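Asks: Just need the structure, nothing else, for what follows:
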Amino acid sequence: MSAREHASGLLQQWLEMTRAESEAIQSAAWQKLQEIQSRKASLRQPLTEAFQQWNPGEIPFRAELGRLIALESRNAQVLTDRLQKTRAEQLALERASQNLRNVRRSYAPPPATAWNSYS
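Replies: Numbering: from 1, shown residues only. The predicted structure is shown next:
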């Protein structure tokens, strides 16, 4: 297998995993997302080595790399949006919980005193 074919195969694998990441993010399959990211991490070294075989001024697979960068950026943005939405929901739930505690304190009878008189 030539260096170009090897690099192309690795890029194809990365592209497929990036698309799978998109699906996992959309369906909130966080365990699956973690597994995909772990597999992608194992591809980093072979991909780096494959690209080190090229001349410094030569950038092979420019279009493929551009497409991958766009997909990765979109995935990052979707994750950021979901994180912000989740944080806002958590804050709303914390406020609701605090309001319920305040209401309970307002309407609940005071606790019985623990003092006993022994005279």
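
Asks: what's the burial count for the residue lying closest to M1 once chain neighbours are set aside?
Replies: Counting by CB to CB, 6 or more residues apart in numbering, M1 lies nearest to G9, which is 7.8 Å off, once chain neighbours are set aside. Using the backbone N, CA and C atoms, a C-beta is placed for each residue, glycine as well. With neighbours defined by other CB atoms under 10 Å, the count for G9 comes to 13.

Asks: for Q84, same thing?
Replies: Residues lying near Q84 (other CB under 10 Å) number 10.

Asks: quick revisit: sec struct for the residue nearest to M1, please.
Replies: helix (DSSP: H, G, I helix; E, B strand; the rest coil).

Asks: Show me where the chain dips below the pLDDT cut-off.
Replies: 56, 111, 113-119 (pLDDT under 70).

Asks: Extract the C-alpha set from stretch 77-86 and format it as PDB.
Replies: Extracted C-alpha coordinates of stretch 77-86, given in PDB (Å, rounded to 0.1, in the frame of the first residue of the first chain):
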ATOM      1  CA  GLN A  77     -20.600  23.900  18.200                       C
ATOM      2  CA  VAL A  78     -23.400  21.500  18.700                       C
ATOM      3  CA  LEU A  79     -21.800  20.200  21.800                       C
ATOM      4  CA  THR A  80     -21.300  23.700  23.100                       C
ATOM      5  CA  ASP A  81     -24.900  24.600  22.400                       C
ATOM      6  CA  ARG A  82     -26.100  21.400  24.200                       C
ATOM      7  CA  LEU A  83     -23.900  22.200  27.200                       C
ATOM      8  CA  GLN A  84     -25.200  25.700  27.500                       C
ATOM      9  CA  LYS A  85     -28.800  24.500  27.200                       C
ATOM     10  CA  THR A  86     -28.100  21.800  29.900                       C
END
